[in-house]
Structure formats: structure tokens, C-alpha cells
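Asks: sequence and predicted model, in that order:
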Amino acid sequence: MLDQKFIRENPKSVEENLSLRGKVYNISQIHELTVKKKDIDVEISSLQSDSKKLSKLIGQEIRKSQSDNSLELISLKKKGNEYRIKISELEEKQRILGQEINNQISNLPNFPSKDAPIGKDESNNIQVKTWGDPFIGDNLKSHWEIGENLNLFDSINSTKISKSRFITLIGNGARLERALINFMLDEHTKNGYLELMPPALVNSESLKGSGQLPKFSNESFKCSNDDLWLSPTAEVPLTAFHKNEIIDCNQLPLKYVAYSPCFRREAGSYGKDTKGLIRLHQFNKVELYWFCEPSQSLEAHKKITSDAESILKKLNLPYRLVDICTGDLGFSSSRTFDLEVWLPSSKCYREISSCSNCLDFQARRSSIRTKIDKKNIYLHTLNGSGLAIGRTMAAILENGQQKDGSVRIPDALIPYFGSNFLKTA
RNA sequence: GGAGAGGUGGCUGAGUGGUUGAAAGCGGCUCCCUGCUAAGGAGUUACAGGAGGUAACUUUUGUCGAGGGUUCGAAUCCCUCCCUCUCCGCCA
């Protein structure tokens, strides 16, 4: 959420900043509404002040005269009644305006960072660095072929259970998934993160708080009988964990790691990644999340990204770091670094982690603050996948594939998985 | 799902229509006293918004779970909702 006062006082600057996203934003209407609302706020405030004084006077008169229906009192009460009518009329206008403003501002994305590369879509993203040597060879199998050969997961039967884009992990596939979750959680907790296991169902407020609502209601699953949604990412419950709080600045930064199942409708992605583990309605993810003081967030962004990278390094998976351009930034983010893992079968890098600095955008929506120098200021929030489990499995299968059809398990994972190769049973 | 109880400031806890933004206590902060510590004394101590000021600050409004209503005036009366707790039932 952008600051309403800032919009009122700097409409031009708001438009310029938002337009970096490669789309024209016209906020003249919102601006006009905020100005109008301010005038009404001031008028109401002054009428209320008068009305309040009158009420006190009436109270004093009643006590003094021991009667509450003298001619003078009746006239004073009548005047009070006029105040009430006038104020309630204005309040109605104020309410409608406030709602409209809120509605419109909720649909505005965050300002892109000045440091983010300017561009209109993902073709303008910038590769910052690569790590490891991409595995290139002939006759390399896709992870879904490997999965089928080794009987690691099943999508056919899963459509019977649910529908397409669901998967059932089987035997060593399920075991590998579990090993990856435990491995990542252990690595991050060793690294100073506090583990949380939040609810998978979240209410509308929480989705608004992190930016998924109101604009992207189409992208999450909703429960029909309750105000609850299946969480699309642990970022949602983690943000909401501290909703409406003022956090002691001595406790900052707060660093959380959470495993959670994630649910996404993937509307509009028909025909994309229909095979394998890349794009599912339900997937597992280990998420990193920071709450920090504004002055720390640039540093925190580097740290959260390198914490996510450390997992890829330990798993010995080649990857690259991409600086997302202004036109490709997510709604809540001001700057995002994507980590993309090498997938030999498709000879390209695929997103496996997205590390974003949301500045105070989510904190303002969720009202999460801290007190610095006696002033309440909104915190900065950062999130990063550390990592998406399904895509990590896909990468391990493809990058670890051997000529004999087996898959080599990365050394770091062996203690968790229990053996060093995946073979046919 | 059935029955009951309850939601007040950082915490405990008073408060059923009129200077109550809210007693009292605890905690926090400032100052005083004291050789140190302990104890004692005085004061102070919520959040959000608006207006004015470069600022320190001044002023004003709203907020006693949330939203409505009654009234000149609501923490207090009425309605709706949410949440918490206890007991029973059901259940991983």
C-alpha cells in the first residue's frame, strides 16, 4: 500500500515512479479524492469540536439548574441535534470517499526501486552472475521421464484424485521431498532463522496485507463456506503473523523460515509446463522472511538472497542470479532477485527462488511498525524462497542423472535421504 | 454442533449516560534524597489522523474487540458480527 498522504502531496512523483513498471498510471482521480477527503476531515473535526463543547455545557447546566427541560436547555439540545445531523451527513460522504480511496490505492503496486533495471518485461531482466557449470550433454532426460522410470511420482492417478497439475509423490520421490524440506529447514535455522509452521488457510485480511488481494483473487483457491483461502505462499501467513503490531526495535531484525504447502490456481497458464514438477496447483516451499528497520533492508535483501543461494550451492546445482526489471516486478516488490536453476533437459535456467524487498508496502497494508526515536515507522519486509521444493527435486533429478538411469544424490542431502543414489527398485 | 462466561491503556483491574482518555496497583521513564545497595519522595507514562511550525512543539478529532443504532452527550443502553475461555458432544 502506498502512503495516502504521499499521494495527496506528490501526485506527479507517484505517477512517475509507478510508470517505471512500463505501464501508464493515471492517479489524478485518486489524488482528487484524497484532497476532497482531507477537506471533509477538517470540517468534521471542527464541527465535532463545537458539538462536544456544547454537550459539556448542557451537562453543566443540568447539574446547576437541577432540571433538564428548561426553555434554555431545550434550545441548546435542539442546536446539538443540528450538529449531529450535519456531522452524520458529512461522515457518510467521508465514509464513501474513504472506501473509494482505499479501494483504488489497494490496487496500486509498489514503487520500483531506483536500483532495479528499467524494462518492460522479462526480456529486460539482467543476469548478474552464474554459479557452477551448466550440465550439457546428449540424450539428457527430462525430470518427468526420470520420475517415471524411477517411479517417483504420478500425475495420471492424481488427476483422478484432484485434477491436472496435481502430483502424488511415491516411495523415494516422497522421501526425497521430505529430505529436501528437512535439509533446508535445518540449514536456515542453523543460520539464525526461527522456524514457523503457519496455517495453510488464510483469511482475506491476510491476503490483502501481503498484496495478493484485492487484485489477484483469481490466483488463489477460496473456501466456499468461510472467509478462508488456501495460502499461495508462506509469505502470506508470515506477514500476517505480526499484523497490527509495534515491534520492539531491539528485537529486529526478525528472521523466519517456514515450510508450507502452497496453492495456486495458475489461471492463464494453460499449456505451459504441463508435465512434471515445475508448475503445480499444490507444491511445497521453504520460505525465508525478514522484518527489519528501513535502514537495514538493502543489506537484508543481499543477505536473504545469499541465504537462498547457499542451498543451491550446497546441493551443487548450477544457477544464475537475475535482477528483475521494473516491468517484471511483482505487485508488492520494489526490487527482486530471482535465482534460476539449470535444467539440462530444457537447456535453460528456471526460477527456483524469488527474493524480494517490499520496503514498507506490506507493512503498511498490515500495520506492522516499530518505534524509533519515539516515532512509529513502518518496517520493511523481505521474502525469498529457500527454496521451492518441487523445482529443486526436478533440478536434482536432471542434474544428477547418470548414464545407467540412476540419479546421484548431492552429498549434503545424503544424511537426510539415506543413500547416495536413486535407482530403480 | 449444544450450553455458559468474557473481551477496558505495556500488564493486573475498576468503572451501567455528563469535563472519563478512562480510578487503583504493577511495570517503564525523569528528577530528588542516599557513602553504595536496599528503601523512600515528586512528576511523567496509549495509538491513529488533521491543522499550524524549518524544528522542538502547539492545537484539535477519533479510538474502552469490530461495525451500526438511540441521545445534545455512550466504555456505560439497543442491534449485528468477530474473537477468547470453560463444560458437553464429535473428531486426527
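Replies: Sure thing, it's come through. The structure displayed is predicted, hence computed values, not measured ones. Numbering: from 1, shown residues only, chains lettered A, B, ... in the order given.
Asks: ok but A:Gly268 is inside a helix, no?
Replies: No. Going by DSSP: H, G, I helix; E, B strand; the rest coil, the assignment for A:Gly268 is coil, not a helix.
Asks: A:Glu219 versus that one, what's the distance?
Replies: Here A:Gly268 is placed at a distance of 9 Å from A:Glu219 (Cβ to Cβ, to the nearest Å). The C-beta positions use only the backbone N, C-alpha and C, and glycine is treated the same way.
Asks: ok, those two, which is more surrounded?
Replies: For A:Gly268 versus A:Glu219, the count of surrounding residues by other Cβ atoms under 10 Å is larger for A:Glu219: 16 against 8.
Asks: go ahead and confirm the more buried one touches A:Ser269.
Replies: No. Taking contacts as Cβ atoms under 8 Å, A:Glu219 lies outside contact range of A:Ser269: 10.1 Å.
Asks: common neighbours of these two, please.
Replies: By Cβ atoms under 8 Å, 6 or more residues apart in numbering, A:Glu219 and A:Ser269 have no common neighbours.
Asks: tell me what the residue of the stretch 251-400 of chain A at minimum distance from RNA strand B is bridged to.
Replies: Closest contact between the stretch 251-400 of chain A and RNA strand B, by Cβ to the nearest atom of the strand, is at A:Asn376 (3.0 Å). Assessed by DSSP bridges, A:Asn376 has beta-bridge partners A:Lys371.
Asks: quick check, it in contact with A:Arg369.
Replies: Yes. With contact defined as Cβ under 8 Å, A:Asn376 counts as touching A:Arg369 (4.7 Å).
Asks: give me the common contacts of the two.
Replies: With contacts taken as Cβ under 8 Å, 6+ apart, the residues that reach both A:Asn376 and A:Arg369 are A:Ile246.
Asks: and the two? which has more neighbours close in?
Replies: Per other Cβ under 10 Å, whichever of A:Asn376 and A:Arg369 has more neighbours is A:Arg369, with 20 against 10.
Asks: pull the contacting residues for that one.
Replies: A:245-247, A:363, A:376-379.
Asks: mark which of these are part of helices, please.
Replies: The helices, defined by DSSP state H, take in A:Ala363 from those.
Asks: out of the contacts of A:Arg369, who's the most crowded?
Replies: For those, neighbours tallied by other Cβ under 10 Å; top is A:Leu379, 28 neighbours.
Asks: wait, it sits on A:Glu293?
Replies: Yes. Using Cβ under 8 Å, A:Leu379 is in contact with A:Glu293, at 6.9 Å.
Asks: can you pull the pLDDT of the closest residue to A:Glu72 other than its chain neighbours?
Replies: Distances taken as Cβ to Cβ, 6 or more residues apart in numbering place A:Glu61 nearest to A:Glu72, at 7.2 Å, with adjacent residues excluded. The model reports A:Glu61 with a pLDDT of 82.
Asks: quick one: low-confidence ranges for chain A?
Replies: A:66-69, A:425 (pLDDT under 70).
Asks: bridging residues for the residue of the stretch 101-250 of chain A found nearest RNA strand B?
Replies: Residue of the stretch 101-250 of chain A nearest RNA strand B, by Cβ to the nearest atom of the strand: A:Ile246 (6.7 Å). Beta-bridge partners recorded for A:Ile246 (DSSP bridges): A:Arg369.
Asks: what residues go with each domain of chain A?
Replies: A:4-106, A:122-422 (automatic domain parsing).
Asks: for these, please prepare a markdown table with the additional fields distance to A:Ser113.
Replies: Shown next, in a markdown table, are those (distance: least, Cβ to Cβ, whole Å):
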| stretch | distance to A:Ser113 |
| --- | --- |
| domain A:4-106 | 9 |
| domain A:122-422 | 4 |
